[in-house]
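Asker: Structure of the sequence below:
(chains A and B)
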Amino acid sequence: MNPAELTALVQHLKRRTGMKTPATTNEVEKGAIRKFAQATGDPNPLYYDEVYARSTRFGGIVAPPTFVCAFTAGHFPEIVDATLPLATMLHSEDVCECIRPIRPGDVITAQATYADAFWRQGRRGPLVFQLADLVLRDASGQTVAEVRITTVSF
Amino acid sequence: MPRTQPFESLRAGDELPVVERTIDAQQLIRFAGAANDYSRPHWDHAYMVEQGFPGVIVHGWLTVSVMFQAVTAWIPLETADFRRFQVRYLQPNLPGRAFYRGRVTGKSVQDASRLLELEVWAETAAGVRLAVSHVTLSFANDS
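Answerer: Numbers count the residues shown, from 1 in each chain, chains lettered A, B, ... in the order given. The predicted structure is shown next:
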C-alpha cells in the first residue's frame, strides 16, 4: 500500500472512534483465578490458598495483576477492524491502570471503546495501529481497571 | 509473609534477580483457556507458518505475566501493588526458553504513596528483547 492508500485507510478506521462493544458481565470465580495463575506458572498461594491469603494485607484471595486480560473476550480483538488489506495483525502494546485488585465474587462488567488509528513506516513496510480502551467496572459501578490495547497490522 | 525489598533500600539501577522460563506449546493451550484468548496465532501452527512465522507465538499477556513474576519474586504483591503498567511487544515470542529481567528506574513519594518505577523485559538467550514493560509499584503502608 502507498502512503495515500494508508492515509485513506486510517481515515476510514478513525470513523470507528467511540464505537463500543456490547458490555459483558461475569462473576469472578476463585477457580478461574487459580487456573489463570497456574497457566502462567505462578506458584504464589495468594492466588488460591484462602488461609494464607487471609494472613496477608489483602485479607483474602486476589487475582494476579495481568488477570485483567481474561475480560477481553468478546471485546478484543472484536473491537478492531480485522479485515484490513494487510496479512498479519498482532498485539503491539498494553497500558493498564490498576485501580484495585480483582477478587473472587467480584461481578465485573467489561466494555471496550474504539480509541484511535494511525500508521507509520516500519523497517519492513508500513504498520497500521488500532487502539481500543477496555474498562472493567464492579457491581457498584466503580472502575477496577482501564486497559488500552494496541494492535499492529502489517 | 515472603521476603521483600524495603522501599528505603531500593536504588535506581538495582537489578531484579533473573528468571529463566521455558514456555512450551502446551502452556499456550492452558493459557488460552485460562485467559479466554483463542486467537489463532497461539494455537494454529499451519496458519502461522503460512503467515511467515516459524510457528505459533506466545500470548503477549502470558509473556508479561511471566515478566511480572520476576517482579513479584523480588517484591511480592503482598507488599506492593501494581498501580500502572505499560508493555510493548517488540518481537514475536516463540515457545522456548527466555530470560525475564528488570531494573529499578526510579522512586518517589507522592501524597504519602511510596512509588517504585521499574523497567522489566523478556529476552532470548542471544539477548534479543521480546517485550519491555514499565511498571509503577505502590508500596503498601505496612511494608
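
Asker: Whether the longest strand seen in chain B contacts chain A - can you check?
Answerer: Counting residues, the longest strand in chain B under DSSP state E turns out to be strand B:96-110. No. Using Cβ under 8 Å from any Cβ of the partner chain, strand B:96-110 never reaches chain A; the gap is at least 10.9 Å. In this view, the C-beta of every residue, glycine as well, is placed from N, C-alpha and C.

Asker: count of neighbours near residue 124?
Answerer: Just so you know, I chose chain A. Residue A:124: 7 surrounding residues under other Cβ atoms under 10 Å in any protein chain shown.

Asker: look at chain B instead
Answerer: Using other Cβ under 10 Å as the criterion, residue B:124 is surrounded by 15 other residues.

Asker: partner residues bridging the closest residue to it other than its chain neighbours?
Answerer: Take residue B:124 and drop its neighbours on the chain: the residue closest to it by Cβ to Cβ, 6 or more residues apart in numbering or on different chains is residue B:98, 6.0 Å away. Per DSSP bridges, the residues bridged to residue B:98 are residue B:21.

Asker: Same check on residue A:24?
Answerer: Bridge pairing for residue A:24 - DSSP bridges - gives residue A:110.

Asker: separation between it and residue A:109?
Answerer: Spatial separation of residue A:24 from residue A:109 under the definition Cβ to Cβ, to the nearest Å is 7 Å.

Asker: What lies in contact with whichever helix in chain A runs longest?
Answerer: With residue count as the measure and DSSP state H as the assignment, chain A has helix A:3-14 as its longest helix. By Cβ atoms under 8 Å, 6 or more residues apart in numbering or on different chains, the surrounding residues in contact with helix A:3-14 are A:1, A:81, A:84, A:85, A:116, A:117, A:118, A:119, A:126, A:128, A:130.

Asker: just to revisit the earlier point, residues in contact with the longest strand of chain B: which ones?
Answerer: Residues contacting strand B:96-110 (Cβ under 8 Å, 6+ apart): B:7, B:10-16, B:18-24, B:63, B:66-67, B:69-71, B:114-125, B:130, B:134.

Asker: what does stretch A:131-151 give?
Answerer: Taking contacts as Cβ under 8 Å, 6+ apart, the residues outside stretch A:131-151 that touch it are A:68-69, A:71-72, A:75-77, A:79-80, A:89-100, A:102, A:106-117, A:129-130.

Asker: Per-residue confidence at residue A:130, what does it come out as?
Answerer: Reading off the confidence values, residue A:130 has pLDDT 98.

Asker: ok, now residue B:143?
Answerer: In the predicted model, residue B:143 carries a pLDDT score of 61.

Asker: want to throw the contacts of helix A:3-14 into TSV with distance to residue A:45?
Answerer: Output for those, formatted as TSV (distance: Cβ to Cβ, whole Å):
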residue	distance to residue A:45
A:1	51
A:81	43
A:84	44
A:85	49
A:116	41
A:117	43
A:118	44
A:119	46
A:126	48
A:128	44
A:130	39
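
Asker: So which of those belong to strands?
Answerer: For those, membership in strands holds for A:116, A:117, A:118, A:119, A:126, A:128, A:130, with DSSP E as the criterion.

Asker: Put together a markdown table for those, with distance to residue A:14 and neighbour count on each row.
Answerer: Output for the ones in strands among the contacts of helix A:3-14, formatted as a markdown table (distance: Cβ to Cβ, whole Å; neighbours: other Cβ atoms under 10 Å in any protein chain shown):
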| residue | distance to residue A:14 | neighbour count |
| --- | --- | --- |
| A:116 | 7 | 16 |
| A:117 | 5 | 25 |
| A:118 | 9 | 15 |
| A:119 | 11 | 21 |
| A:126 | 16 | 17 |
| A:128 | 12 | 23 |
| A:130 | 10 | 26 |
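
Asker: Intersect those residues with the contacts of chain B.
Answerer: Counting by Cβ under 8 Å from any Cβ, no member of those is near chain B.

Asker: which residues in the chain form strands?
Answerer: No chain was given, so I picked chain A. For chain A, applying DSSP E gives strands covering A:24-27, A:89-98, A:107-122, A:125-137, A:143-153.

Asker: actually chain B
Answerer: According to DSSP E, the strands that chain B contains are B:19-23, B:80-89, B:96-110, B:113-123, B:129-139.

Asker: Strand B:113-123 and the third one, what's the angle between them?
Answerer: So the one you mean is strand B:96-110. Here strand B:96-110 runs at an angle of 160 degrees relative to strand B:113-123 (axes from the mean of the first three to the mean of the last three Cα atoms, to 10 degrees).
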